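>>> here's a sequence, model it:
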Amino acid sequence: MGFEEIWNEYTSSEKDMFQKSVRRLLKQTFIVRDRDEDSKKAYYFVSKRSEPFSAYLGYIGYDIVIDRENGVIMLQNCRDLGENGKLQINHVTLKKMESVVLCCLWTLYADRVRSGNLSKNIEISVTDLRYEMEKYGIRDQIDKSSFASILTLFTKYQLLQVIGKLGEEDCRICLYPSMQFVLEPQEFGKFVENVNRRMQEKWSREDEWETELTKEEEDGDEESDDHE
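Numbers count the residues shown, from 1 in each chain. Presented below is the predicted three-dimensional model:
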């Protein structure tokens, strides 16, 4: 059955739900079942009617992936386009700090899963995230406003939800199972290696600068002694 035939059989409420779900996927990439009641309705609607969504989105180079175990629906590029024909429209280019924070969040999520946390939505504290950020040397490079903006960006794409108010002691970050689709382990390994290399190069330059500065100060002290 073609898309038009399926569409004509839909009731007005089903057509409305279909349109909302498509717009949601195009805007947010993910639908996370256990996020809230609206997300749950959208998830079950799409998962039970995947064929028309694949057909409709296929016209613009997309398809959907349904992970029933974790309750996640993801928009992805059509596989049959091949590597050279892939559309990259649904890929988001992140800034350096956004990339590192996402890397930290992915690490925390993966660590909790490996440690046996079977919950679909995993909660971490802001302290947990900041501690992970320390490993990359960026904790003090992100002010409160920038930190909040980064978390808002990831909230937009259904990767997490901030519970409470940032800065308050009881504030938590809920990581959704969609987080596991953001980075593949191999891709993550290359990313970490690249970040570590850049950080080491930066620290090396800073050490050289400090050494030269110290030498200049010592030379200055020696000249001062001779003058006296």
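>>> ranges for the strands of this structure?
Counting by DSSP state E, one finds strands in the chain at the ranges 30-32, 62-67, 72-77, 122-125, 160-163, 172-175.
>>> this structure: helices as residue ranges?
3-9, 12-28, 37-48, 50-58, 96-114, 126-134, 144-156, 185-227 (DSSP state H).
>>> burial of Glu51, as a residue count?
Glu51 sits with 10 neighbouring residues when counted by other C-beta atoms under 10 Å. Heads up, the C-betas are built off the backbone N, CA and C, glycines and all.
>>> and the gap between the closest residue to it other than its chain neighbours and Glu169?
Leaving aside its chain neighbours, Glu51 sits nearest to Ile6 (7.3 Å; criterion: C-beta to C-beta, 6 or more residues apart in numbering). As for Ile6, its distance to Glu169 is 51 Å (criterion: C-beta to C-beta, to the nearest Å).
>>> neighbour-wise, which of those two wins?
Taking other C-beta under 10 Å, Ile6 and Glu169 do not tie; Ile6 has more neighbours (16 against 8).
>>> need the contact list for the more buried one.
49, 51-52, 55 (C-beta atoms under 8 Å, 6 or more residues apart in numbering).
>>> could you list the domains of the protein?
3-81, 96-183 (automatic domain parsing).
>>> could you export those as a markdown table, including mean pLDDT?
Formatted as a markdown table, the domains of the chain follow (pLDDT from 0 to 100):
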| stretch | mean pLDDT |
| --- | --- |
| domain 3-81 | 93 |
| domain 96-183 | 90 |
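>>> so how far is Ser178 from the residue nearest to the spatial centre of the chain?
Taking C-alpha atoms, centre = their mean, the centroid of the chain lies closest to Leu102, which sits 4.9 Å from it. For Leu102, the distance to Ser178 equals 12 Å [C-beta to C-beta].
>>> list residues touching both of the two?
Leu159.
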